[in-house]
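Asks: pasting a predicted model and its sequence here:
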Amino acid sequence: IGPWKLDLTPRYGKTSLSSKIVAANIAFYALQVWKPSLTRFGAKQSDLILSGRELHRLITPVFLHGGIVHLAMNAYSLSNIGPEVERLFGRSRFVATYLASGVAGNLLSAIKSPNPSVGASSSIFGLMGAQIVCLSRNENFLGSYGQRGLDSVTGSVLLNLVFGFANPMIDNWGHIGGAIGGAAMAYWIG
């Protein structure tokens, strides 16, 4: 990972990593539909993670989804927040934050919930947590742009957590762990 520089310019004609991750999630969902055993192989299963027998389950759930609506919601969310965080962090820090957030979310979920889960939302919450830390630490440099972004992403996190607590099918421990993982990555990488 090279030196950090802020790049807020749009990248016309260049596919973002966020778009590539969305495409990968769509491809994995198609594979899940074609071969349902992929879901059984990759879903977060707390007992298998905590016993250390199948640690791949810390990352594989990030690329799997429970249905077309679940996939669409996560694709929409990643398409909105992803490019912004990618511009703020750069490509390599973005992907490191995305993956580390997924691992952190699935680990906290494994510790706090015995229920299996899948989805990219732990990583997406990680991107939001990372953006909150980045904008907070750099508000003197980013001015009103940073404050508007901070208000927006903080509101999104809080609204989604409230919705998650209201719906027992949502793995809020994964969301919280992802946000913590993303915030820690942003703090660590500057």
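Replies: Nice, I can see it. Residues are numbered from 1 along each chain as shown.
Asks: mind listing the helices for the chain?
Replies: Applying DSSP state H to the chain gives helices spanning 17-34, 37-42, 46-50, 68-89, 91-112, 121-137, 139-166, 172-189.
Asks: of the ones you listed, which approaches Ile59 most closely?
Replies: Nearest of the helices of the chain to Ile59, taken as Cβ to Cβ: helix 91-112 at 5.8 Å. Bear in mind the C-beta positions are built from the backbone N, C-alpha and C, glycine included.
Asks: how big is the angle separating the closest one from helix 68-89?
Replies: Computed by axes from the mean of the first three to the mean of the last three Cα atoms, to 10 degrees, the angle separating helix 91-112 from helix 68-89 equals 130 degrees.
Asks: avg pLDDT for helix 91-112?
Replies: Helix 91-112 carries an average pLDDT of 97.
Asks: over to stretch 174-189?
Replies: For stretch 174-189, mean pLDDT is 96.
Asks: any chance of the helices of the chain in CSV with mean neighbour count and distance to His56 as columns?
Replies: Below are the helices of the chain laid out as CSV (neighbours: other Cβ atoms under 10 Å; distance: least, Cβ to Cβ, whole Å):
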stretch, mean neighbour count, distance to His56
helix 17-34, 16, 14
helix 37-42, 15, 7
helix 46-50, 16, 9
helix 68-89, 18, 20
helix 91-112, 23, 10
helix 121-137, 27, 15
helix 139-166, 14, 25
helix 172-189, 24, 16
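Asks: need the ones you listed in CSV with distance to Arg57, can you?
Replies: Putting the helices of the chain into CSV (distance: least, Cβ to Cβ, whole Å) gives the following:
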stretch, distance to Arg57
helix 17-34, 14
helix 37-42, 7
helix 46-50, 5
helix 68-89, 18
helix 91-112, 7
helix 121-137, 12
helix 139-166, 21
helix 172-189, 12
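Asks: good, wrapping up.
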